[in-house]
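**Q** only geometry, no sequence info:
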């Protein structure tokens, strides 16, 4: 009887199970929110398509393929956005399998959408410096600098507390990053010096424990960060569509150009797999020519 009840679980009921499972795994609030937004969108689409509540075990790969087509063709979602939603669904079905609600994860081998190289935006050294210098707001100026010099995710940077930034020994402790993981990121001597200046002269007087704190709110929002970056790009004459995540991309891209080992970049970025880091290993045709010119058998 129990097996029948479990197998016949409705999708909206399964989402509640999924939310609890994510919470038990120590997922950050922002990561959980992202997963749930994507899963609930799929639930609304399936319910509308079926004109009735949907059973989890009735969902097929074909349904997901049609959902992907809907996202790309009707909603105009970019490949990266589509892939994020596929990843959320795959994690959802992984949970269903672990909870024995489903016997298999139907998306285990589901192919992701190819991301065109043109969609990956990176900034060179001069562009990063120009953007940082164009940010007049003192807190956001050092916030952007920290992202660019450490590769932290925007929410990791937002959630830094005064205790997480060790200016004496020169490292940042990321607590409960993506996937609920902690990691230590060393600071360059330049960033260490700049953040000492920030604390001494520019951080507003506030009771907030957040390292980057506005006097009014005691924290910083990702929307505000992206707005300031957009204004800075306009001021610096940079036409690329720059978001906070592009600073992280540029950090990784710059390390690749400096021949930093991919495993080191993986650790700094907090990626669970080198496969995730490999998207930054883009190769310019000039690099290929330089490589073959080194051969002297």
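**A** Great, that's in hand. Remember, it's a predicted structure, so these values are computed and weren't measured experimentally.
**Q** From now on I want contacts and neighbour counts done on CA atoms only, so please keep to that.
**A** OK.
**Q** which residues in the chain form strands?
**A** Using DSSP state E, the strands assigned to the chain run over residues 165-166, 171-174, 183-186.
**Q** Mean confidence (pLDDT) on the shortest one, please.
**A** Which is strand 165-166. What strand 165-166 shows for mean pLDDT is 96.
**Q** I'd say residue 205 and residue 216 touch.
**A** No - if you go by C-alpha atoms under 8 Å, residue 205 and residue 216 don't touch, sitting 10.3 Å apart.
**Q** mind giving me the domain ranges of the chain?
**A** Annotated domains of the chain cover 2-118, 125-286 [automatic domain parsing].
**Q** and these as JSON lines, adding mean neighbour count?
**A** Below are the domains of the chain laid out as JSON lines (neighbours: other C-alpha atoms under 10 Å):
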{"stretch": "domain 2-118", "mean neighbour count": "16"}
{"stretch": "domain 125-286", "mean neighbour count": "17"}
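**Q** looking at it, residue 121 is touching residue 248, isn't it?
**A** No - using C-alpha under 8 Å as the test, residue 121 is too far from residue 248 to be in contact (10.7 Å).
**Q** So, low pLDDT: which residues of the chain?
**A** In the predicted model of the chain, residues 1-7, 117-120, 282-289, 291, 297 satisfy pLDDT under 70.
**Q** what's the single longest helix in it?
**A** The longest helix of the chain (DSSP state H) is helix 29-50.
**Q** who does it touch, helix- and strand-wise?
**A** Packing partners of helix 29-50 (3 or more C-alpha pairs under 8 Å, 6 or more residues apart in numbering; DSSP states H and E): helix 11-24, helix 79-98.
**Q** between those, which gets nearest to residue 199?
**A** helix 11-24 (34.0 Å; C-alpha to C-alpha).
**Q** Residues contacting the closest one, please?
**A** With C-alpha atoms under 8 Å, 6 or more residues apart in numbering as the test, helix 11-24 has contacts from 32, 36, 39-40, 43, 53-56, 92, 95-96.
**Q** Same list, these, but as JSON lines with distance to residue 222 please.
**A** Rendered in JSON lines, the data for the contacts of helix 11-24 read as follows (distance: C-alpha to C-alpha, whole Å):
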{"residue": "32", "distance to residue 222": "16"}
{"residue": "36", "distance to residue 222": "19"}
{"residue": "39", "distance to residue 222": "22"}
{"residue": "40", "distance to residue 222": "22"}
{"residue": "43", "distance to residue 222": "27"}
{"residue": "53", "distance to residue 222": "35"}
{"residue": "54", "distance to residue 222": "35"}
{"residue": "55", "distance to residue 222": "36"}
{"residue": "56", "distance to residue 222": "34"}
{"residue": "92", "distance to residue 222": "26"}
{"residue": "95", "distance to residue 222": "29"}
{"residue": "96", "distance to residue 222": "32"}
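**Q** sorry, back to before: in a markdown table, list the strands of the chain along with distance to residue 71.
**A** Below are the strands of the chain laid out as a markdown table (distance: least, C-alpha to C-alpha, whole Å):
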| stretch | distance to residue 71 |
| --- | --- |
| strand 165-166 | 40 |
| strand 171-174 | 34 |
| strand 183-186 | 34 |
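**Q** and residue 114, which of these is closest to it?
**A** Closest approach to residue 114 among those (C-alpha to C-alpha): strand 183-186, 30.1 Å.
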